[in-house]
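Any chance you can model this:
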Amino acid sequence: MTLAADRPRSSARSRDRAVDRTEVRVRRDTGPRIRTAVQAVVIAVWCLLPFYWMVVTSFRDVGFTFDATPWPTHVTLDNYATAFSTSLGNHLGRALANSLLIGGVVTIIALLVGTTAAYALARLEFRGKSLIAGAILAASMFPGVALISPLFQLFTDIGWMGSYQALILPSISFVLPLTVYTLASFFREMPWDLEEAARIDGCTRVQAFRRIILPLAAPAVFTTAILAFISSWNEYLISSQLSSDATQPVTVAIASFAGSQPHQEPYTAVMAAGTIVTIPLVVLVLIFQRRIVAGLTAGGVKG
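Reported below is the predicted structural model:
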């Protein structure tokens, strides 16, 4: 009788302990999630607040440029008309075309050279491999400001000053290390069995790379292309010294904007131009964010 009476009590205590453990586990899981959510919100606000203020200012009347109201007031589209006004010397349309041309050429060349270089560094064994990898890393760390004077002298001597070549070649040197290291980390984690199977089936190393490895590396290649284009699109230092009025990209064109009034700093027109330049990049990243994330994490797990 005593054993029978004690059995329900033991079961009840076991259930109570199980419930307590579940509540503790839920509290332990809820705390980190809340902290993560709060941190994500803070980071998002910190990063997006300057962009939001730029958009708000771009729609604000010039007379209310320094209005501190946190939402759009005195809305006008005149700032966007001023940004494209060639009569004021603001050749934003031509500068956008220049940036697209320079960014597109830089991205294509960087991918063509960087993909093969990354594959060689990741999959092949040859003498001086570590030295070449170190040289590429050193090139990525070299300060761009130290290159302005030599490049200025070089391009002046060969007649390239103010040409597209003078803007494309330095940008390639900045983008190429990023391309090589991003793709090399991905190629290094790909299983060797795929390439060996293709070689057994009769493919040469080049054919195996082109037909097997390269299609599998498409997410990483796509991600690298977007990062390379954004890096070239945002470049200012070299372009400000080596470009001409006909070849200057948007970063240089915005810096030389003129306002509708003499001796006036065109803050609202600059904000309008900055919005025009930034929105395509934001839309591009939002559309292809899954591919970008897939490419960035593709080589992060060994399998």
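
So, low pLDDT: which residues of the protein?
Within the chain, the segments meeting pLDDT under 70 span 1-29, 259-263, 291-303.

Which of the helices or strands spans the residue most central in space within it?
Among the residues of the chain, the one closest to the centroid is residue 227, at 3.9 Å (CA atoms, centre = their mean). Taking DSSP states H and E as the definition, one finds residue 227 inside helix 218-233.

I'd like the secondary structure assignment at residue 137, please.
Per DSSP: H, G, I helix; E, B strand; the rest coil, the local secondary structure of residue 137 is helix.

Burial check on it, number of neighbours?
Look at residue 137: counted by other CB atoms under 10 Å, it has 12 neighbours. For the C-beta atoms, the positions are set from N, CA and C on the backbone; glycine is no exception.

who's in contact with it?
Residues in contact with residue 137 (CB atoms under 8 Å, 6 or more residues apart in numbering) are 177, 181.

I'd like the distance between it and residue 181.
Distance of residue 137 to residue 181, computed by CB to CB, to the nearest Å: 7 Å.

do the same with residue 145
In this view, residue 145 and residue 181 are 22 Å apart by CB to CB.

Among these two, which residue is more densely surrounded?
Using other CB under 10 Å as the criterion, residue 145 and residue 181 rank with residue 181 on top: 17 against 10.

Who are the contact partners of that one?
Residues in contact with residue 181, defined by CB under 8 Å, 6+ apart, are 118, 136, 137, 140.

can you map out the helices along the stretch 1-150 of the chain?
Here the stretch 1-150 of the chain has its helices, by DSSP state H, counting those that start in this stretch, at 2-58, 78-83, 92-123, 129-141, 148-157.

Redo the ones you listed as JSON lines? Include distance to residue 176.
JSON lines is the format used below for these (distance: least, CB to CB, whole Å):
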{"stretch": "helix 2-58", "distance to residue 176": "28"}
{"stretch": "helix 78-83", "distance to residue 176": "33"}
{"stretch": "helix 92-123", "distance to residue 176": "5"}
{"stretch": "helix 129-141", "distance to residue 176": "8"}
{"stretch": "helix 148-157", "distance to residue 176": "16"}
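
among those, which is nearest residue 271?
Shortest distance between residue 271 and those, using CB to CB, is found for helix 2-58: 4.1 Å.
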